[in-house]
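Student: would you be able to build a 3D model of this:
(one chain, ligands or ions: 2)
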Amino acid sequence: MNILAIESSCDETACAIVKDGVQILGSAVASSTAMHEKYGGIVPEVAAREQLKCIIPVITEALEQSKLTFDSIDSLAVTVGPGLIGSLLIGVETAKTIALTKRLPIIPVNHVLAHMYANFLNPQHIQFPAISLVVSGGHTELFLMTSAKNLTWLGGTLDDAAGEAFDKTARLLGFGSRGGVAIQQAASQLTDLRFKIKDLGIKLPRPMMHDKTLNFSFSGLKTAILREVNKLKESNQLNTETINRFAYEVQEAITDVLVSKTVDAVKLYDAKSILVSGGVAANLRLREKFHTTLKTLNPNLSLHIPSVSLCTDNAAYIASYAFFRGIPVDWKDITAVPDLSVEDV
Ligand code: KG4
Ligand code: ZN
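Tutor: Numbers count the residues shown, from 1 in each chain. Ligands and ions are numbered 1, 2, ... in the order given. Below is the predicted model of the structure:
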């Protein structure tokens, strides 16, 4: 079954064609992230205008890559939420138009739930029950998967997402918006082994790491980061070296909490696999920590983290989700839902 999926929830415009939920036949992504740099964050109006410009080119490119025409597409899938209304509408209305003109079924998709299906692309042996951590720019959520179709939401962030903590720190330190990668790069400059964590001179909290719930909270961390950055600024100590140390500690604090909570869930549900996904799953330190933790936890446990390009927003996982969990609806019944819930799965 060939599914053509469209993704336009935020500042990426994407289209992919995926066979049987696992094989990517074509995938194209356009991003307006760089355009938002000078504003210090995503500007919804700018993002929506870029979606409009890019939507037809990405569909054309994905089809060209796949060497297919619409005649070989069995179903459409489209992200309906959560996301920015202006951005979502471009993808949703485009998909509806194709559904109407090509007489194709259309599957509405929840973007956050779909992220975890990046782990189903390129066939993998996922054993159930699995614990799935989704860490994106706006979400930090844990799910229990008892099959490729059955999901239960276990917990999530009570305030900010891990991605937001990365992005806000990046802005404070003078890197642009969507700064997770910049924080990772700055942290990796800290190769001087004299600076073990305790010597950094900066110690940040690991919020809710030891509480009994499977929820997260990153807003306190954000406040602590702001306080520490201001201290460094006031004492004229904010320089490349301290920025790198700071980035290192921020990355340690966020990744410590993410790994620890996921391990709690694995123990609680006696899970056989861990799935990690979302933009923050691209973080190399997070990937490394999951690998080392796994070795000590249980050698039989399998860890699944998509390639970096499949962690950040694209349409391939939208198609995969649609294949494994999607329910086709009439095009007239599809609408964009910016605040679509991730708890009610
Ligand atoms: O999933 P995603 O592409 O978009 C949303 O659905 O939000 O996630 C974007 C988030 C941003 O917060 C970005 O800074 C973060 O993922 N991110 C990273 C890395 N690459 C992207 N965070 C930490 N380290 C990275 N290497
Ligand atoms: Zn995303």
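Student: how about the residue in the stretch 101-250 of the chain that ligand 2 sits nearest to: what's its closest non-neighbour residue?
Tutor: Distances between the stretch 101-250 of the chain and ligand 2 by Cβ to the ion are smallest at residue 136, namely 4.1 Å. Yep, even glycine has a C-beta here, placed from its N, CA and C like the rest. Closest residue to residue 136 apart from its sequence neighbours, by Cβ to Cβ, 6 or more residues apart in numbering: residue 278 at 3.6 Å.
Student: that neighbour contacts residue 313, correct?
Tutor: No - Residue 278 lies out of contact with residue 313 (Cβ atoms under 8 Å); the separation is 9.2 Å.
Student: and the residue nearest to residue 136, what does it touch?
Tutor: 112, 115, 133, 134, 135, 136, 139, 163, 311 (Cβ atoms under 8 Å, 6 or more residues apart in numbering).
Student: hmm, try it at 10 Å
Tutor: 112, 115-116, 118, 133-141, 161-163, 306, 311-313, 317 (Cβ atoms under 10 Å, 6 or more residues apart in numbering).
Student: after whichever strand or helix holds residue 244 comes which helix or strand?
Tutor: Counting by DSSP states H and E, the element that carries residue 244 is helix 240-269. Per DSSP H and E, the first helix or strand lying C-terminal to helix 240-269 is strand 273-277.
Student: now the stretch 51-200 of the chain against ligand 1: closest residue?
Tutor: Per Cβ to the nearest ligand atom, residue 180 is where the stretch 51-200 of the chain lies closest to ligand 1, at 2.0 Å.
Student: setting aside sequence neighbours, what's the nearest residue to that residue?
Tutor: That would be residue 166: by Cβ to Cβ, 6+ apart, it lies 4.0 Å from residue 180.
Student: how many residues are close by that neighbour?
Tutor: 28 (other Cβ atoms under 10 Å).
Student: over to residue 39?
Tutor: The burial count for residue 39: 11, using other Cβ under 10 Å.
Student: I'd assumed residue 107 was in a helix, is it?
Tutor: No - looking at residue 107 with DSSP: H, G, I helix; E, B strand; the rest coil, it is strand, so not inside a helix.
Student: once you drop chain neighbours, what's closest to it?
Tutor: Nearest non-adjacent residue to residue 107, counting by Cβ to Cβ, 6+ apart: residue 326, 3.5 Å away.
Student: residues in contact with that neighbour?
Tutor: 3, 5, 21, 75, 77, 105-110, 114, 149, 318-320.
Student: so for the residue in the chain sticking out farthest from the centre, what's the pLDDT?
Tutor: Centroid-distance maximum for the chain: residue 235 at 36.3 Å, with Cα atoms, centre = their mean. Looking at residue 235, its pLDDT reads 87.
Student: count the neighbours of the residue lying closest to residue 184 once chain neighbours are set aside for me.
Tutor: Of all residues not flanking residue 184 in the chain, residue 283 sits nearest, at 5.7 Å (Cβ to Cβ, 6+ apart). Residue neighbour count, defined by other Cβ under 10 Å, stands at 27 for residue 283.
Student: enumerate every residue touching residue 283.
Tutor: So residue 283 contacts 135, 162-163, 166, 180-181, 183-184, 187, 251, 254-255, 258, 276, 289, 305, 308, 311 (Cβ under 10 Å, 6+ apart).
Student: and residue 256, by the same measure?
Tutor: 204, 206, 209, 285, 286, 289.
Student: same question, residue 305
Tutor: Contacts of residue 305 (Cβ under 10 Å, 6+ apart): 118-119, 133, 274-277, 281-283, 286-287, 290-291, 311.
Student: these, buried ones only, as a ChimeraX selection?
Tutor: Written as a ChimeraX command, the selection of buried residues from those, which uses 16 or more other Cβ atoms under 10 Å, is:
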select :118,119,133,274,275,276,277,281,282,283,286,287,290,311
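Student: how about the contacts of residue 305, which pair is most distant?
Tutor: 118 and 291 (17.7 Å; Cβ to Cβ).
Student: returning to that earlier point: so the helix holding residue 244 versus strand 273-277, what angle?
Tutor: Counting by axes from the mean of the first three to the mean of the last three Cα atoms, to 10 degrees, helix 240-269 lies at 140 degrees to strand 273-277.
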